[in-house]
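[1] Sequence first, predicted model second:
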Amino acid sequence: MRIKVVTLLAAVFCVLLTGCKIASANTESYPQSKRYNAASANEYRDFNKDNLYVIYTVSNTDYNATKNAAYLYISADKKLKEKLGIISDAVSNMFFENLPIEVVDIENKDGKKIAVINLLENENNRGQKDYSVHKRPSWALNFFQGSSGGGQTSTILIENFLQRQNKNQWVDGIRFLYNGNPITGFDHIPLLENTVYR
């Protein structure tokens, strides 16, 4: 409990004093990347623990179990799709070698909000059906293969986008695409083939 309090305080001080938006679980500063990196001092006025989102990784011993890798501050005035985009940038940067993760849409299905997330290959690999000739990094070659690798990829993507522990208004489920199409034909990521609910 004491470690969690110290970590949370470190995240708060990081945000308030240095302006960084992501603090890793071991309190190192982690710079946010891509298009969501601009923030004004006004965005931090609404700072409270409800605006901290956890970036999850998987346990070393069980890829179905998560552990906190970082805390991501997202201002409450951001739209839901923007918040998902901020999470996608952080997850891509931290775990998937900056492979593109695009928030396509938030669909309304039977009264539930479903985020549609597109996992894109690098431009060099798009359209190449033979994954063995992909240049690294590659979703198909590096992150969809092997039971433990595919399991880790699935858990990291699902848990970070669902944010099950966060009490803010959020999506009810997520659906993943691969290069704009439904995910099929990969043995080790069956959880990514269907809509996953919170």
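    Yes, it's here.
[2] how much space between the closest residue in space to S59 that isn't next to it in sequence and G151?
    Excluding its sequence neighbours, the residue lying closest to S59 (C-beta to C-beta, 6 or more residues apart in numbering) is A65, at 4.0 Å. Heads up, the C-betas are built off the backbone N, CA and C, glycines and all. Distance of A65 to G151, given as C-beta to C-beta, to the nearest Å: 11 Å.
[3] is Y56 in a bridge, and if so with what?
    N68 (DSSP bridges).
[4] That one against Q152, yeah?
    No: here Y56 does not reach Q152: they are 11.0 Å apart, not a contact under C-beta atoms under 8 Å.
[5] Neighbour count: these two, which is higher?
    Y56 (24 against 19; other C-beta atoms under 10 Å).
[6] F96: neighbouring residues, count only.
    F96 - counted by other C-beta under 10 Å - has 19 other residues nearby.
[7] dump the residue contacts of it.
    F96 makes contact with P137, W139, F143, T153, according to C-beta atoms under 8 Å, 6 or more residues apart in numbering.
[8] Would you check that the second one makes contact with N118?
    Just to be clear, that refers to W139. No: the criterion here is C-beta under 8 Å, and W139 misses it with N118 at 10.7 Å.
[9] Among the contacts of F96, which one sits closest to L52?
    T153 (24.3 Å; C-beta to C-beta).
[10] On the three-state scheme, that closest one is what?
    Classification of T153 using DSSP: H, G, I helix; E, B strand; the rest coil returns helix.
[11] so what's it up against?
    By C-beta under 8 Å, 6+ apart, the neighbours of T153 are F96, F143, F144, I189, L192.
[12] Of those, which is the nearest to D89?
    Of the contacts of T153, the one sitting nearest to D89 (C-beta to C-beta) turns out to be F96, at 10.8 Å.
[13] For that closest one, grab phi and psi.
    Dihedral pair for F96: phi -130, psi 30, per degrees, to the nearest 10.
[14] For it, give its distance to Q152.
    11 Å.
[15] Point out where this structure drops to low pLDDT.
    Applying pLDDT under 70 to the chain picks out residues 1-48.
[16] Okay, helices next: where are they in it?
    2-13, 80-95, 147-162 (DSSP state H).
[17] need those helices in CSV with distance to D110, can you?
    Shown next, in CSV, are the helices of the chain (distance: least, C-beta to C-beta, whole Å):
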stretch, distance to D110
helix 2-13, 37
helix 80-95, 18
helix 147-162, 17
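[18] So for G173, which of these sits nearest?
    Per C-beta to C-beta, nearest to G173 of these: helix 147-162, 7.7 Å.
[19] Report the distance from the closest one to the chain centre.
    10 Å (C-alpha atoms, centre = their mean, to the nearest Å).
[20] Output that helix as PDB - backbone C-alpha positions only.
    Presented in PDB, the C-alpha positions along helix 147-162 are these (Å, rounded to 0.1, in the frame of the first residue of the first chain):
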ATOM      1  CA  SER A 147       1.100 -18.800 -27.600                       C
ATOM      2  CA  SER A 148       2.800 -16.600 -25.000                       C
ATOM      3  CA  GLY A 149       3.500 -13.700 -27.500                       C
ATOM      4  CA  GLY A 150       0.000 -13.700 -28.800                       C
ATOM      5  CA  GLY A 151      -1.400 -14.000 -25.300                       C
ATOM      6  CA  GLN A 152       0.700 -11.000 -24.100                       C
ATOM      7  CA  THR A 153      -0.300  -8.900 -27.100                       C
ATOM      8  CA  SER A 154      -4.000  -9.700 -26.500                       C
ATOM      9  CA  THR A 155      -3.900  -8.900 -22.800                       C
ATOM     10  CA  ILE A 156      -2.000  -5.700 -23.200                       C
ATOM     11  CA  LEU A 157      -4.300  -4.400 -25.900                       C
ATOM     12  CA  ILE A 158      -7.600  -5.500 -24.300                       C
ATOM     13  CA  GLU A 159      -6.800  -4.300 -20.800                       C
ATOM     14  CA  ASN A 160      -5.400  -0.900 -21.800                       C
ATOM     15  CA  PHE A 161      -8.300   0.000 -24.000                       C
ATOM     16  CA  LEU A 162     -11.000  -1.300 -21.700                       C
END
